[in-house]
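In: Predicted model follows, preceded by the sequence.
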Amino acid sequence: MADSSPPEVVLDCEAGRRMGCASFCCRLLVRLAPGEKPPTGKLPAERFVPKRDDGLCEHFDAASGRCLVWHKRPEICRKYDCNEHELLQVVLREGFTTLSALVTSQARIPAECRRFVPYIKTGA
Ligand code: SF4
Ligand code: SF4
């Protein structure tokens, strides 16, 4: 039977990476929703998905620049829209190497200079 569910609009993360987003979202804190199961392994302390020493999520593959649990990534990762996050503009404009450097940056990007990661439809 054909799937009649409407197409889902999601961020085109491939385009975002080409624009230089550096997958910065995978450096942010990721907390599982109450009752949500972790993508792999045991429930982490306080439901926070652990970070590695380099500040990236433990599920991020630095070699490929991709999430290793993409199809079962946490709900917050699915809902996150970096276009609504001012820090994305700092990343695109300034680049960064650590989350600390990112959040302490004094860079301010004028609204007229903002760049947006495009959206794509899936399941169409
Ligand atoms: S959500 Fe945004 S920052 Fe994260 S990988 Fe996609 S385009 Fe890049
Ligand atoms: S689970 Fe995947 S999408 Fe979510 S922060 Fe970790 S690597 Fe990124």
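Out: Perfect, I can see it now. Numbers count the residues shown, from 1 in each chain. Ligands and ions are numbered 1, 2, ... in the order given.
In: lowest confidence element among the helices and strands of this structure?
Out: The weakest-scoring helix or strand in the chain, judged by mean pLDDT, DSSP states H and E, is helix 99-104 (a mean of 75).
In: now the next helix or strand after it, how far from the centre of its chain.
Out: As assigned by DSSP states H and E, the chain's next helix or strand after helix 99-104 is strand 119-122. Distance of strand 119-122 from the chain centroid (CA atoms, centre = their mean, to the nearest Å) equals 16 Å.
In: about what we covered before: tell me the buried residues in the least confident helix or strand of the chain?
Out: Within helix 99-104, the residues scored as buried using 16 or more other CB atoms under 10 Å are 99, 102. For the C-beta atoms, the positions are set from N, CA and C on the backbone; glycine is no exception.
In: Show residues contacting it.
Out: 24, 27-28, 55, 87, 90-91, 96 (CB atoms under 8 Å, 6 or more residues apart in numbering).
In: How about the secondary structure of residue 10?
Out: Residue 10 carries the three-state label strand when classified by DSSP: H, G, I helix; E, B strand; the rest coil.
In: can you offset everything so residue one is 14?
Out: Renumbered: residue one is now 14, and that last one reads residue 23.
In: Could you count how many residues lie near residue 21?
Out: Residue neighbour count, defined by other CB atoms under 10 Å, stands at 12 for residue 21.
In: let me fix that: residue 29
Out: For residue 29, the neighbour count with other CB under 10 Å is 23.
In: can you tell me which residues contact the closest residue to it other than its chain neighbours?
Out: Spatial nearest neighbour of residue 29, excluding adjacent residues (CB to CB, 6 or more residues apart in numbering): residue 130 at 4.1 Å. Contact analysis of residue 130 by CB under 8 Å, 6+ apart lists 24-26, 28-29, 32, 34, 95-96, 101.
In: picking up where we left off before, just curious, which of the contacts of helix 112-117 is nearest to ligand 1?
Out: Lowest distance from ligand 1 to those (CB to the nearest ligand atom) belongs to residue 37, with 4.9 Å.
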